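>>> here's a sequence, model it:
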Amino acid sequence: MRKLLKPLIIVVVVLTLAVAAYIRETGSVSKTGFALDTVITVSANGKNAKAAVDAAMRRITEIEKRITAYSPDSDLATGVLTNDAKKVIARGIYFGYASNGLFDITIKPVIDLWGINTDTPRVPSDDEIQEALALVDYHKIAIMQDKLILPQGMAIDLGGIGKGYAADEAAQVLRDSGIKDAVIDLGGNIVVLGTKKIGIQNPSSGVTGDYMGTIKVTDRAVVTSGSYERNFTQDGNLYHHIFDPLSGKPADSGLVSVTVIGENAQDADAISTIIFIMGASEGLAFAEKMGVEAMVIDSRSMVMTTGGFGLTITNTAFQEV
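Numbering: from 1, shown residues only. Next up, the predicted model:
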């Protein structure tokens with residue numbers, strides 16, 4: 001069963017921190033840094049927590065070096081793949097097929113064309129977009145032993161799935177160290193060990209910690225994707241960073257925020273992107289098909305969830321119907 005909330009006014013803003021942040025209850029050790037183009041925090045309780053957190057942070061940094069699309073020394077740049085890169089690429093290809101091409105890790109030529117990750121983003125011409133789209137096709141990815149083989153001009157960007165993989169790996173480091181109570185937060189990609197309350201950022205607010213509601217999860221990943229994370233305005237129009245691989249333009253599904261709860265962050269990361277591109281109705285059906293819970297907020301300020309999402313409204317601007 002899906003739930004609807006009464007409309008609220010959505011103001012799209014740029015947030016530099018997580019759009020879904022954990023509500024800290026206790027924490028003997030917490031460490032914050034910057035990796036994968038976002039603020040990251042690992043917090044844990046238990047014996048040897050400090051050593052475990054340090055090891056988890058190192059693992060995140062190690063993965064970033066291997067899967068980033070913006071370093072000449074990364075696996076994607078050199079074409080020599082380690083196990084980390086091969087695993088993420090393989091899962092990315094899987095979601096390409098699962099979404100009928102709405103998730104495509106060869107989207108990098110389009111991202112570069114728009115300059116969304118630079119200080120000078122722009123709206124390209126339709127001809128430029130069509131040229132870039134000719135280089136987007138996950139079917140053409142080939143891996144021979146440890147070698148990545150792509151047609152000339154094609155390139156991979158794992159931004160829609162890589163942070164989730166890194167969060168999962170950091171969580172595994174903590175588990176291997178005997179930690180059972182922890183939170184890994186990679187800029188909206190959250191993995192919880194134990195039971196925690198998670199605050200879902202109010203998308204109309206630029207204030208971190210201004211939640212529209214909360215959920216309680218146990219040993220789960222919670223991932224949020226939104227049009228207000230990275231965007232720019234040109235000629236009065238707002239353009240965000242979640243691109244539709246079929247159009248070569250920012251997804252225009254009517255959604256402004258998607259949150260997914262799943263068993264692992266890598267899959268939840270990709271699924272949240274797919275739902276954002278699909279739109280509310282088709283996206284929530286896709287979530288159910290993939291065995292995850294999801295919440296969407298659309299441009300009409302309506303909120304819909306899958307039946308097991310478990311949202312508790314905490315902001316008086318939101319009223320459950």
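>>> all strands for the stretch 1-150 of the chain, in order.
Secondary structure of the stretch 1-150 of the chain (DSSP state E, counting those that start in this stretch): strands located at 3-5, 20-22, 29-35, 38-45, 142-144, 147-149.
>>> who does the fourth one pair up with?
Strand 38-45 pairs in its sheet with strand 29-35 (antiparallel), strand 181-186 (antiparallel), by DSSP bridges.
>>> and the gap between Ile277 and Asp298?
Ile277 sits 13 Å away from Asp298, going by C-beta to C-beta, to the nearest Å. C-betas here are computed from N, CA, C, even on glycine.
>>> those two: who's more crowded?
Ile277 (24 against 18; other C-beta atoms under 10 Å).
>>> excluding chain neighbours, what is closest to the more buried one?
Spatially, and ignoring its direct neighbours in sequence, Ile277 is nearest to Ala251 (4.3 Å; C-beta to C-beta, 6 or more residues apart in numbering).
>>> kindly report the same for Asp75.
Excluding the flanking residues, the one nearest Asp75 by C-beta to C-beta, 6+ apart is Ala85, at 3.8 Å.
>>> report the buried residues of the lengthiest helix in the chain.
Criterion DSSP state H: the longest helix present in the chain is helix 49-67. Neighbour counts over helix 49-67 (16 or more other C-beta atoms under 10 Å) mark Ala49, Ala52, Val53, Ala55, Ala56, Met57, Arg59, Ile60, Ile63, Glu64, Arg66, Ile67 as buried.
>>> likewise stretch 279-291?
Buried-residue list, stretch 279-291, by 16+ other C-beta under 10 Å: Gly279, Ala280, Gly283, Leu284, Phe286, Ala287, Met290.
>>> could those be laid out in CSV, adding distance to Asn45, secondary structure and pLDDT?
Output for the buried residues of stretch 279-291, formatted as CSV (distance: C-beta to C-beta, whole Å; DSSP: H, G, I helix; E, B strand; the rest coil; pLDDT from 0 to 100):
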residue, distance to Asn45, secondary structure, pLDDT
Gly279, 40, coil, 96
Ala280, 38, helix, 96
Gly283, 35, helix, 98
Leu284, 35, helix, 98
Phe286, 36, helix, 98
Ala287, 31, helix, 98
Met290, 31, helix, 98
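>>> turn the residues you listed into JSON lines, columns for distance to Ser247.
JSON lines is the format used below for the buried residues of stretch 279-291 (distance: C-beta to C-beta, whole Å):
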{"residue": "Gly279", "distance to Ser247": "13"}
{"residue": "Ala280", "distance to Ser247": "18"}
{"residue": "Gly283", "distance to Ser247": "17"}
{"residue": "Leu284", "distance to Ser247": "22"}
{"residue": "Phe286", "distance to Ser247": "18"}
{"residue": "Ala287", "distance to Ser247": "22"}
{"residue": "Met290", "distance to Ser247": "23"}
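>>> show me where this protein has its helices.
Counting by DSSP H, the helices of the chain are 49-67, 75-78, 83-98, 108-114, 126-133, 162-176, 265-278, 280-290.
>>> what about the spatially closest residue to Lys147 that is not a sequence neighbour, neighbour count?
Distances taken as C-beta to C-beta, 6+ apart place Gly79 nearest to Lys147, at 6.0 Å, with adjacent residues excluded. Neighbour count for Gly79, taken as other C-beta under 10 Å: 14.
>>> doesn't Leu148 make contact with Gly79?
Yes: counting by C-beta atoms under 8 Å, Leu148 is a contact partner of Gly79 at 4.6 Å.
>>> returning to that earlier point: what's the distance between the residue nearest to Lys147 and Val42?
Using C-beta to C-beta, Gly79 is found at 31 Å from Val42.
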